[in-house]
Each structure stands twice: as C-alpha cells, then as structure tokens.
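Visitor: the sequence isn't on hand, but the structure is:
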C-alpha cells in the first residue's frame, strides 16, 4: 500500500492552523526518521485561498522546530481527494465534506486524533481566535497523533 507514490493529505477548516501544523509536523518527523519519500499536503474545507498561517500557528511551530512559513491556504477539492493515498481530518464533520466531494474516499479518510497514543483523543479543536496556549495544546495533540499515525500506518512503508 505504501510503496511508490504516496500522498498524505491533512484537512481542517481554513487551512490556516491545524492542517498546516499537521503537515509540518509530519514532514519534520519524516525528515528526522529518514523515512520513505512521501508527498505531504494540506487543505481546508473553507480556505481563504492564498493566505498564510496564523501568527500563532507560525510561532508554536517555530518553537517546535517546524517551519510552516511558506504555507499558503488551499481549498479542498475532488482532485486533491482523489490523488491522496490517505486523508486525515481534524473533526468528524470534515469527513462528510470529503465524502460530498468524493464518495469513494471513505476507506482512506480518518480522524487524525484517532491515532493519538493517548487513546481518548478523537477530534482536534480549532484554536483560531484563541490565546496561544490553545495553539500549543493543539500542536501537542497533532504531534502525538502524527507520531501514532507514523507508528501504526506509515513506519513499515508497506
């Protein structure tokens, strides 16, 4: 399943906080692990296309050694969904948005939080408009879940 061209797509609402943070965290993990080549993308269900990440997302990622400064918001569309090998969303309703665009994507669409090694986390709440402490919590949830995803689905490269 994992050999050859593999595209991982993270999806949130605006593509300004959570999904760029998740894509950045995954890319850093892959770079650190020297893992197999993978394309890591992100998109939003309601993205302000071309906008950069929030200042808070940039700051908390920088604190963690993750650079998302080149990110520009992208709108989720059926082409991105069809080209993705695996799709990770932040909230349950985003699964419905994906299936409305591509009904065949259900087998490859999961809640990112379901991979958290903490076991109880499912949805990762949107920190936008909240204090930076919420962004730090969000990034911690994301990095835990990305690590769990890597260990359970991606590490073997199968």
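Guide: Structure's in. What do you need? Keep in mind that what you see is a predicted model, and the values were worked out from it rather than measured.
Visitor: pLDDT averaged over the longest helix along the chain - what is it?
Guide: In the chain, assigned by DSSP state H, the helix with the most residues is helix 132-149. Regarding helix 132-149, the rounded mean pLDDT is 96.
Visitor: and it, what's buried?
Guide: Of the residues in helix 132-149, those buried under the neighbour-count criterion (16 or more other C-beta atoms under 10 Å) are 134-136, 138-139, 141-149. Glycine gets a C-beta too; all of them are placed from N, C-alpha and C.
Visitor: tabulate these in JSON lines, adding columns for distance to residue 88.
Guide: Listed next are these as JSON lines, based on distance: C-beta to C-beta, whole Å:
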{"residue": "134", "distance to residue 88": "20"}
{"residue": "135", "distance to residue 88": "19"}
{"residue": "136", "distance to residue 88": "20"}
{"residue": "138", "distance to residue 88": "14"}
{"residue": "139", "distance to residue 88": "15"}
{"residue": "141", "distance to residue 88": "12"}
{"residue": "142", "distance to residue 88": "10"}
{"residue": "143", "distance to residue 88": "13"}
{"residue": "144", "distance to residue 88": "13"}
{"residue": "145", "distance to residue 88": "8"}
{"residue": "146", "distance to residue 88": "9"}
{"residue": "147", "distance to residue 88": "13"}
{"residue": "148", "distance to residue 88": "11"}
{"residue": "149", "distance to residue 88": "7"}
